[in-house]
Structures are given as structure tokens and as C-alpha cells.
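Asks: Need the 3D shape of this:
(chains A and B)
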Amino acid sequence: EAQVTQNPRYLITVTGKKLTVTCSQNMNHEYMSWYRQDPGLGLRQIYYSMNVEVTDKGDVPEGYKVSRKEKRNFPLILESPSPNQTSLYFCASSLRELSGEGGYTFGSGTRLTVV
Amino acid sequence: DQQVKQNSPSLSVQEGRISILNCDYTNSMFDYFLWYKKYPAEGPTFLISISSIKDKNEDGRFTVFLNKSAKHLSLHIVPSQPGDSAVYFCAAFNTDKLIFGTGTRLQVFP
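Replies: Just a heads-up that it's a prediction; the model follows:
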């Protein structure tokens, strides 16, 4: 089954403790992206990657890091999480040429709480 | 600066009637406009899109209209069904970036 898999689904952590949220896709998509969803703010892009070893900042990159060493994986790293990073996170992937036509596939989300 | 805006946070419609969800944007360079649907505890799923060179696209019960001069698009669902109850996100695409609106929660009641 074609899918984007995020782990974990739920995570509670303490301020300052480094964490990684993993994202993996099995569709050989070039494009991958991370979004966060917050009440009243919709989905905001954190980082995106157009291919292996190519990453770029989205609209809200502060406090996050990403890497794209392999095509299928795009982990989101929070080096020193803070309470304002409490949010619902989504990973998405797409074939580059279908991105504008709605070819994004989203993962099921990771709900992160930083206390 | 919110480039894609959905000014109605919620909408309630009776089953069988038309649902109209609205979206405004500010950047005239967007190439595509899309609607995504999101159920609780799931990721958004693609619903329908429209190219900036068109003014209408239809897929079954779903029709998207684009008014470029007004920088406005709308999603029409006819007839509305209880299973359509979800949060709907409008999104716009330009140069590898997909920008989302804040979402409208649609509730379809019997």
C-alpha cells in the first residue's frame, strides 16, 4: 500500500530534550515536506526537500532541522524543544511533477506535547 | 502574512443541500489551487484542484470555481452528505510550495 508513515503518533517530552520524528514514504517520491497544524493558523510549512540532499526552509523553520540522506526518509529533528513547538505535525510527499495538481500524500500526523 | 485565507471557521449545512466553502488569496502568481479534506486523527487527503488557467473544475459532487480577478475560489458540494463533515483546507501552489489556509469545519446534519 502506497503511504507516508510517521512515527511516533503521539509524543510527550520535556523542554530541551532532543527528539526526532521519523517520516518514510514508499512511493519513490522526490518531494517531501513537513507541516505543523495549529488552531486558527492552518497548516504551515516547516521544511521541504525536492530530492536527496536538497532541503529548504518553509515558513516556520525556527527550532527545527531536517535531513534527506535517502529518498524515502525525511526526519524532523527538534534539537531543544520548547513549549511553543507543541503542535500536530504532518509529513507529506509528492512526485515533483504532480505537486501542483494535488499529488501530495500526507502521513497520519504526530501529536507532540512539550512540557 | 496570510497568503491564503479562509474567513469562515465553520459552516453547518443540512443533508442534501449545497455546501459552499470560500477561500481568498493574495498572490497572483499561484499556479494551482487545491482543496484538501481532513478527518480527525487522519492526515489531509486531496479532494480537487484547479489550474490557474481555468475557472471551473468538476468531480462528481464537488466543483471548484476560480475567480482570478477577485482572487477568490470556492468549493461547492452538491448534495451534501453527513460523511462530508470534516475540516476543509484551501491551498495554493507556486514553485514547489503548497500554502494552506486556516481551514473551515463543515458539519452536515440530517
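Asks: Can you give me the buried ones in stretch A:70-90?
Replies: Within stretch A:70-90, the residues that count as buried by 16 or more other CB atoms under 10 Å in any protein chain shown are A:71-72, A:74-76, A:78, A:81, A:85-90. In short, each C-beta sits where N, CA and C put it, glycine included.
Asks: Around chain A, which positions in chain B sit nearby?
Replies: Within chain B, the residues that sit near chain A (CB under 8 Å from any CB of the partner chain) are B:4, B:6, B:9, B:31-32, B:34, B:36, B:41-49, B:51, B:89, B:91, B:93, B:96-103.
Asks: Among these, name the ones in strands.
Replies: The strands, defined by DSSP state E, take in B:4, B:32, B:34, B:36, B:45-49, B:51, B:89, B:91, B:93, B:97-100 from the residues of chain B next to chain A.
Asks: out of those, which are buried?
Replies: B:4, B:32, B:34, B:36, B:46-49, B:89, B:91, B:93, B:97-100.
Asks: Chain B contacts on chain A?
Replies: Residues of chain A lying close to chain B by CB under 8 Å from any CB are A:4, A:31, A:33, A:35, A:40-45, A:48, A:50, A:58-59, A:90, A:92, A:96, A:99-104, A:106-109.
Asks: Is it possible to mark the buried ones in the residues you listed?
Replies: Judged by 16+ other CB under 10 Å, buried ones among those: A:4, A:31, A:33, A:35, A:42-45, A:48, A:50, A:58, A:90, A:92, A:99-104, A:106-107, A:109.
Asks: what comes up buried for stretch B:12-27?
Replies: Quick answer for stretch B:12-27 (16+ other CB under 10 Å): B:13, B:19-25.
Asks: would TSV of those with secondary structure and pLDDT be doable?
Replies: Output for these, formatted as TSV (DSSP: H, G, I helix; E, B strand; the rest coil; pLDDT from 0 to 100):
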residue	secondary structure	pLDDT
B:13	strand	98
B:19	strand	98
B:20	strand	98
B:21	strand	98
B:22	strand	98
B:23	strand	97
B:24	strand	97
B:25	strand	96
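Asks: Tell me the one of those nearest chain A?
Replies: Using CB to the nearest CB, residue B:23 is the member of these that lies nearest chain A, at 11.0 Å.
Asks: count of neighbours near the closest residue to that closest one other than its chain neighbours?
Replies: In space, residue B:23 comes closest to residue B:90 once its chain neighbours are excluded; the distance is 3.4 Å by CB to CB, 6 or more residues apart in numbering or on different chains. When neighbours are counted by other CB atoms under 10 Å in any protein chain shown, residue B:90 registers 27.
Asks: Residue B:41 too?
Replies: Count around residue B:41 with other CB under 10 Å applied: 10.
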